[in-house]
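Peer 1: attaching a predicted model along with its sequence, questions to come.
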Amino acid sequence: MTAQKGKNIVLKIGDGGSPAESFTTVAGLQMTRMAIGQQIIDASHVAGGAWRQVGDASGSRQMSISGEGVFEDSAAEESLRAKAFGGNSANYELRFGNGDKIAGAFMVSSYLQQGEVQDAQHFMLTLESAGAISFVAG
């Protein structure tokens, strides 16, 4: 796999439209961190020996996406801020420079804005999965 530039990661938010939802760019992210986790089901038993055994069927799965960037425009900032204040989930897409895409329902669990007098206003956020997440290779 060829190294990808972090500046090519774009966060998009869905408008909730049905049957075809439209996605608008919130920001190009300058820093991104993703974590995928799942609850392990311990299937150990006496006849299994000293090592822990886990079941093939895992428990609940979750994904967390943290990012930092500069908003595309004020409408994008207003949209994301409304989701942070509203406490409800929305569909998001995280698009990578090679065409890969992660998509699904997320909730804003953390939201911060900061700015200096001589610099662009930045934001930091953390999205937590609120349903099934899909990965599509580009």
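Peer 2: Yep, that arrived.
Peer 1: got the contact list for the spatially most central residue of the chain?
Peer 2: With distances taken as C-alpha atoms, centre = their mean, the chain has Ile65 as the residue nearest its mean C-alpha position (3.6 Å). When contacts are counted by C-beta atoms under 8 Å, 6 or more residues apart in numbering, Ile65 touches Thr32, Arg33, Met34, Tyr92, Leu94, Ile102, Phe106, Thr126, Leu127. Bear in mind the C-beta positions are built from the backbone N, C-alpha and C, glycine included.
Peer 1: which residue comes closest to the fifth one once chain neighbours are left out?
Peer 2: Setting aside the residues directly before and after it, Leu94 is nearest to Ile102 in space (C-beta to C-beta, 6 or more residues apart in numbering), at 4.5 Å.
Peer 1: could you do the second one as well?
Peer 2: Of all residues beyond its chain neighbours, the one nearest Arg33 is Ser66 (4.5 Å), with distances taken as C-beta to C-beta, 6+ apart.
Peer 1: any idea which helix or strand carries the one you found?
Peer 2: Ser66 is located in strand 61-71, with elements delineated by DSSP states H and E.
Peer 1: can you pull the phi/psi pair for the residue lying closest to Gln121 once chain neighbours are set aside?
Peer 2: In space, and not counting its chain neighbours, Gln121 is closest to Gly115: 3.7 Å by C-beta to C-beta, 6+ apart. Here is the backbone geometry of Gly115 (degrees, to the nearest 10): phi -160, psi 150.
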